Structures are given as structure tokens and as C-alpha cells.
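Enquirer: Got a sequence here, can you model it:
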Amino acid sequence: MVSRPAPALTKIGFRRDVRLFLLVLGGLFAVLIIALLFAVESAYSDAHDTRVQQWKRIADQAAEDVTAAKNRGLPVDSLATAIQARYGIESLQLTSRPPSSAVSSEATLTRKTPAGMLVLTFDDSALAALRRRMLATTAISLAGAAGGMILLLLYIPKITHPIEQMLDQARTIEARDPDVDEDQYLIETFRKSIETLKLQREELQQLHDAQKTRADEFERVTAALTRSLTSGLMAIDAAGVVVEINQAGREILRVPHDQPLSGRPADAIGDTALAAILQQSFDDRAALVRRQVETRTAAGDEIIVGVTTVPLQSDENSFLGMLALFTDLTEIRRLETRVRDLQSLADVGELSAGIAHEFRNSLSTILGYLKLAQRQSSPDEMRAKIHGAENEAAALGAAVDSLLNFARPMTIEMQDVDLRELVGDVVARLEPHSNGLEIAVSGDGKLAADPALLSRAVENVVRNAIDAIHAGSRAGRIAIVLSNTPPSIAITDNGIGIDSEAASRLFLPFQSRKPHGLGLGLPLARKIVLLNGGDIRVDGVPGEGTTVTMAFPRP
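Expert: Numbering: from 1, shown residues only. As a prediction, this is how the structure comes out:
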């Protein structure tokens, strides 16, 4: 026998099948409702017949009781009351004629007795209630069946529409084999679609895992590169918000490592010159190349920073943000200054050495001639002049020796120095020459330096302070303040003071303002401080006093 091919897969065929199924289901439901109604009607009829038969038996029994009482000559009226109470009869009457048809009903029964016509009326309210319940059940069942059928017909499109859409989509995925029925075709297509989605999901998960692995590796490489940078790195997004500062950058700017970043550069690192130039570069979308900025850190320290900024652009030339690289140039600039100062001292020292060499030769010749002249007999006046020339030559020799000491190369022997002890020794040596001046020492500190040379530098500065006080007319006082963070020695006097414009010239040789000074004390002190890695500064106000500060880097 040749098998017939399955019908074509159409919306009409599917809708017809669904409607047929739903109509059969509705018909079965209607049959069940009708059967239920017949059962309810049958139950009501049985209950009605049973109650009527019970009434008839009671009526027959009551008639027999009345007949027996009549035959015995008993009073019938009292017996009728007793019968009514015994059998639960609503009313009982003895009449000489039958009741009219108007009052006759199935709840009213009559029996003929010797005492007359016995009329019994029973309570049929229970039967009436049962009939009402039967009618109500019938009405509800019919209404429910009708409503169900109406809803079923209304919702057939809603039931068939998703399946029809699935059939449409199934046709776009795979053509149907004529030997496969519609249900099997739809199930197979759906199953294959699920398997395809699972495979695609697994592929997407593998791609996601691979992408995440590459992203994690890129993040680790970026983090390692950022940590390895010795320069500061700041990243600013397109909105101008600082999103990252690497560890080196936080150390340069003294930004705590646990401080969160938020806002623009001025909010992240403070309202400084560096924040201003970064904000200007961001606003102008302009790159900076090795721009030097004098700024301050979050701790308030003044530093010099070299800044380079790079605006970031996407392939579509949209602005993505800015990167800023910055380096602390403070120590480099300080070293450059020290090198220049040392070079200047070396040049001056070389020149001074040449001058001193020539002076020494000339002075040796002068002294030799004077010694020969003193051996010859001469007038007293000549002797006095020769003696004065000898004194002058000796003074010039002392100046030349001082100049040679300044120009001579120094050897530094670094040791741990207690500043309080060193300054105390200097003050003790100079007290006999201070003419009762008050010299107060406060604070303490430690640093690595050459103690002998540093003691000499402090002594030269304190001697200058004593001379400056003696040149004035007020009561003299010298205050020496020591510090340990960073190490420094500040020597302040209330002498004649100095103009700030002339302060820088005091470090040059032969710039003394004292009548008999050579002007080599402060230059020598500066040379010693520079060789010990520090810096020296002179500040003063004319007529009020002078402060000489020797500052050294942190150990």
C-alpha cells in the first residue's frame, strides 16, 4: 500500500486541527454538563418522590388513628392535636366535606374517616429549596458552559498565533520533508535550533574567556609598566577627571597612596602650578614637551617638575583624554646649581692661587731686603719706616695665606655629626671674644658631614655675627636654631643687618664690609657647606639683623 504524503504545512491546516480539537473538547464538556444536569434532576425527582411517599404514609397512619379513636369513643379534637405534634404536620383539620381544588396541592392530603374528612397539610419548604438549588445549579452550569465556549472561541487566535509564527520561522530555517508531519517537523526544527544556540553559546563563551584572558594579561602588563615607570604618570579622561596616578607620581607629589582620586587636577593634587598647567593643556588639547614648572607638593614642599603631556585621539579623531608624564627635577637643578657654584669657586680659587703665588714671591723679596736693611746702621726714623714696611708685608703675607687656604682643595671625611655638640664647641671657643654677647642655642639634629670643616664654617659665620653686632649700637644677641627635618643650622643676629640685594655678593672673595676684613670668611663657609652636600643662604634687613641658614638634604 502506498503511503500518502503528509499534508502541506499551512496556517489553515493547523488552525483547522486546533479548532477541531477545541470543538471536540467543548462538545465533551457540554456532554458532561448535560449529564450532570440529568443527574441533578434525577436526584431532585428521587428526593421529591420520597418525600411525597412519606407524607402519604403519615396521612394513612393519621387516618387510622382518627378512625380508631372514633370507634373507641375518644375525643377526636385532642387526638388531632397529638397527631399533628407527633408526625410534624404543619396543619390538620376534620371537616365534613373535601377541600376545594384551589387549596389542593401535593403538600395537602385528604383522608376519609368516620369522624369526617381529614385534611393534612405538610411543610414543603425543603422541597422548594431543593428545587431552587437544582434550578440554580442548572443555570450556573449552562452559563459556565456557554461562557467557556465563548472564551474558547475568542482565544483560539491567541492560541494558534504563536504556533503559526513558529511554523513561519521553522520554514525559514529548514525545508519540511513531505514524509514528516507538521508536529514532528516543528519539534525537530525547535530542537535543532536549541542545539545550534547551545553551540553558539559555547563558542561565545570561549570567545569571551579568551577575550577576558587577553584583557587580564593586558591589564597586568599595563599595571607592571605603570609601576615600573620611574617618572610620574597621570591619566585624565575625556571629561577632565583624573582617573589614575601611578606610584612614582604619588611619591613625587606627596599624594597618599590610599587617597582616592576625584575631580580635575586641582581637586586631585591641589591648587598648584602643576595642576594649572595640566588643566590648561587639557583645555587647549595641546601637547607640552619638557616644560619645567615650579610647584609645590601636597605636603607643602617646593619642587621643580618637568612635564610632558600627550592628548589621546581615537581613530575617528574624537578626544579620549590626556596622559601626563612628569619628573622631579629639584635635585637635578640643585646639583646643577652646586656644580656651577663649585665651578665658580674653582675658577676663583685658581685665579686666587695665581695671584697669591705672585704675591708670595714679591713679599719674600721685600722681606729679604728689609731684613738686610735692618742689619745696617741707620737713623731711628729709617728703622721705624722699615719696621712698618715689615709689618705691612707680614699682614699681606697673612692675607695671601688666607687666600691660599680658600683656594686649596679640601678633602672631605664624612662622619655622623651631632649638630648640638658641634655648635656648642664653637660657641665655647668664641665666648672669650664675644665681649659678653648672649649666644643662645636651641634645637638639635644629626647629619653626615666633615666635622672639622663644618665647625670651621659655623665659626666663620658666628664671628661675622659678632662683628656685625659690635658695629651697631644696640644690645647684642645671637640665636642659633638647629633642626633635624631636614638638617639645618640657622644663625641670627640683631646687628647692622644687610640689604637683600647685596647678600649674594658676600659669598664672593674680598667683599667684606669690615675695616680690617679680607672677605674670605663667608666664601670659605659656603665652599665647605657645598662640599658637604648642603646650601647656604643669607637673609637680612638693614638696621635689624641678618640670618645665615645652612641647609642640608635629608639623610
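Enquirer: From the contact counts, what lies against the longest helix along the chain?
Expert: The helix spanning the most residues in the chain, taking DSSP state H as the definition, is helix 11-72. In terms of contacts (3 or more C-beta pairs under 8 Å, 6 or more residues apart in numbering; DSSP states H and E), helix 11-72 is packed against helix 76-87, strand 108-113, strand 116-121, helix 125-173. C-betas here are computed from N, CA, C, even on glycine.
Enquirer: I'd like the distance between Pro523 and Asn460.
Expert: Counting by C-beta to C-beta, to the nearest Å, the gap from Pro523 to Asn460 is 9 Å.
Enquirer: more neighbours, those two?
Expert: A direct count of neighbours by other C-beta atoms under 10 Å for Pro523 and Asn460 places Pro523 higher, at 23 against 20.
Enquirer: if I look at that one, how far off is Gln415?
Expert: For Pro523 relative to Gln415 (C-beta to C-beta), the value is 24 Å.
Enquirer: about what we covered before: most tightly packed of the helices and strands packed on helix 11-72?
Expert: Of all the helices and strands packed on helix 11-72, strand 116-121 has the most neighbours on average by mean count of other C-beta atoms under 10 Å, namely a mean of 19.
Enquirer: Dump it to PDB, restricted to CA.
Expert: Taking C-alpha atoms only, strand 116-121 is exported to PDB below (Å, rounded to 0.1, in the frame of the first residue of the first chain):
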ATOM      1  CA  GLY A 116     -65.200  13.300  58.800                       C
ATOM      2  CA  MET A 117     -62.800  14.400  56.000                       C
ATOM      3  CA  LEU A 118     -59.200  14.600  57.400                       C
ATOM      4  CA  VAL A 119     -57.100  17.300  55.700                       C
ATOM      5  CA  LEU A 120     -53.400  17.200  56.300                       C
ATOM      6  CA  THR A 121     -51.000  20.000  55.200                       C
END
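Enquirer: contacting residues around that strand?
Expert: 55, 58-59, 62-63, 66, 89-99, 107-112 (C-beta atoms under 8 Å, 6 or more residues apart in numbering).
Enquirer: do stretch 314-321 as well
Expert: Against stretch 314-321 from outside (C-beta under 8 Å, 6+ apart): 235-238, 243, 285, 311-313.
Enquirer: Out of those residues, which sit inside strands?
Expert: Counted as lying in strands by DSSP state E, out of these, are 235-237, 243, 311-313.
Enquirer: most neighbours, which of the residues you listed?
Expert: Highest neighbour count within the ones in strands among the contacts of stretch 314-321: Ile236, with 25 neighbours (other C-beta under 10 Å).
Enquirer: how about stretch 445-453 as CSV, C-alpha atoms only?
Expert: The C-alpha coordinates for stretch 445-453 follow below in CSV (Å, rounded to 0.1, in the frame of the first residue of the first chain):
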residue,chain,number,x,y,z
GLY,A,445,69.9,67.5,64.8
LYS,A,446,72.2,65.0,63.2
LEU,A,447,73.7,64.7,59.7
ALA,A,448,76.6,63.1,57.8
ALA,A,449,79.4,65.7,57.2
ASP,A,450,83.1,66.5,57.8
PRO,A,451,83.0,67.8,61.5
ALA,A,452,86.2,69.8,61.3
LEU,A,453,85.3,71.7,58.1
